[in-house]
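A.B. asks: here you go, sequence then predicted model.
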Amino acid sequence: MPALPKIFIDGHEGTTGLKIHELLAARTDLEILKIETDKRKDPAERKKLLNAADIVFLCLPDTASKEAVALIDNAHTKVIDASTAFRTDPTWTYGLPELSPAHRQKIKSSTRIANPGCHATAFLLPVAPLVAAGIIPASTTLTCFSLTGYSGGGKKMIAQYEDPAAPEKLKAPRHYALKLTHKHLPEMKTQANLTHAPVFTPVVCNIHSGLTVETFLPNPTTSAEKIHTLLANHYKNEPFIKVAPFDEGATLDDGFFDITACNNTNRADLFVFANPDSSQIVLVTRLDNLGKGASGAAIQCMNLLLGIDETTALRA
């Protein structure tokens, strides 16, 4: 019987690492390497496990991820990094297989994969195919914003929001990154092949998880129906991408939009809405910020690396 692939999660105490561990816990086709609690910060012990693994998930801050990569000298160890450290590094593969067949094939043969950011994934899924098709000129400066659950802020923010004595202000949506320098902007620009980063501000809401990004096309040269058709054709064979019907009555709840409908899945839902009296269009993506926005996406890339069905143990 062949040996099971060895998997090591470095940083498994963080939000993304914990979710990856949870999603892998029931699998019998993998061997999960574990580090003793008192040795989590021991470089020698970490190096041993990093080099013993077939696939490593790095769920660490940027600097720590770079340090972990430097500890790996086993040419057979493959890395999936969940930080922002390598997302625009041309020597790393960007882990969003749905962007094109070339993206998926590159992931399958890569040893270094940068897991996409949650906001970036929700921006890129509708935008990148439209840039590639010439519908959105590469020189366009797009405007977008997101609504996201507080789990995206990590354990500290989760504790703040779930504290019974949490201040009243946490019940209201809160804008952040208002200097327009959010850490996902470089990958949003680079991976969409745009000349300029979008103008982007996120808003954290009083919900645990769920995320939506709205991207505005104020003066498109193509109709909303044609844009919808292009996206539907682009993603028609993708198990985790659902392009909703071009009918707001079928996709809205009495005129309102539910940003939590993809929670606990690895699915992303795409929508095209338009003003019938003008040419204005808004592209909307919905996903679970801990699913397709983080841990689920990382496991999807792992499945591709292992040469198995990429939907294994993931819910669409």
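C.D. replies: Received it, and whenever you're ready, just let me know what you need.
A.B. asks: going by C-alpha atoms from here, please, whenever you check contacts or count neighbours.
C.D. replies: Will do.
A.B. asks: so is Val79 in a helix, a strand, or just coil?
C.D. replies: Here Val79 is recorded as strand under DSSP: H, G, I helix; E, B strand; the rest coil.
A.B. asks: and it, what pLDDT?
C.D. replies: Looking at Val79, its pLDDT stands at 98.
A.B. asks: can you check Thr251 too?
C.D. replies: On the pLDDT scale, Thr251 is placed at 84.
A.B. asks: ok, now Met1?
C.D. replies: Met1 carries a pLDDT score of 60 in this model.
A.B. asks: could you point out which element follows the lengthiest helix in the chain?
C.D. replies: Ordering each helix of the chain by length in residues (DSSP state H) puts helix 118-132 first. Toward the C-terminus, helix 118-132 is succeeded by strand 143-149 as the next helix or strand (DSSP states H and E).
A.B. asks: list the buried ones in the following helix or strand past that following strand?
C.D. replies: Going down the chain from strand 143-149, the next helix or strand is helix 154-162, by DSSP H and E. Using 16 or more other Cα atoms under 10 Å as the test for burial, helix 154-162 gives Ile158, Tyr161.
A.B. asks: how about the nearest residue to Tyr150, chain neighbours excluded?
C.D. replies: Leaving out its chain neighbours, the residue that sits closest to Tyr150 by Cα to Cα, 6 or more residues apart in numbering is His208, at 5.3 Å.
A.B. asks: and that neighbour, how far is that from Gly149?
C.D. replies: According to Cα to Cα, to the nearest Å, His208 stands 5 Å off from Gly149.
A.B. asks: so the two - more neighbours on which side?
C.D. replies: Gly149 (23 against 19; other Cα atoms under 10 Å).
A.B. asks: phi, psi for the spatially closest residue to the more buried one that is not a sequence neighbour please.
C.D. replies: Sequence neighbours aside, Ser209 is the residue nearest to Gly149 in space, at 4.1 Å (criterion: Cα to Cα, 6+ apart). When read as degrees, to the nearest 10, the backbone of Ser209 gives phi -150, psi 170.
A.B. asks: what about Ser209, neighbour count?
C.D. replies: 22.
A.B. asks: and what of Arg46?
C.D. replies: Count around Arg46 with other Cα under 10 Å applied: 21.
A.B. asks: quick one, what contacts it?
C.D. replies: Neighbour list for Arg46: Asp10, Ile35, Lys39, Arg40 [criterion: Cα atoms under 8 Å, 6 or more residues apart in numbering].
A.B. asks: report the contact partners of the last one.
C.D. replies: For Arg40, the contacting residues are Arg46, by Cα under 8 Å, 6+ apart.
A.B. asks: same question, the third one
C.D. replies: Applying Cα under 8 Å, 6+ apart, we find Lys39 in contact with Glu45, Arg46.
A.B. asks: pLDDT wise, what is it at?
C.D. replies: Looking at Lys39, its pLDDT reads 77.
A.B. asks: kindly report the same for the second one.
C.D. replies: The model reports Ile35 with a pLDDT of 88.
A.B. asks: surely it is in a strand?
C.D. replies: No - using three-state DSSP, the assignment for Ile35 is coil, not a strand.
A.B. asks: what strand or helix carries Thr201?
C.D. replies: Using DSSP H and E, Thr201 falls within strand 199-205.
A.B. asks: grab the nearest non-local neighbour of the residue nearest the centre of the chain.
C.D. replies: Centroid-nearest residue in the chain, with Cα atoms, centre = their mean: Gly293, separated by 2.9 Å. Excluding the flanking residues, the one nearest Gly293 by Cα to Cα, 6+ apart is Cys118, at 3.8 Å.
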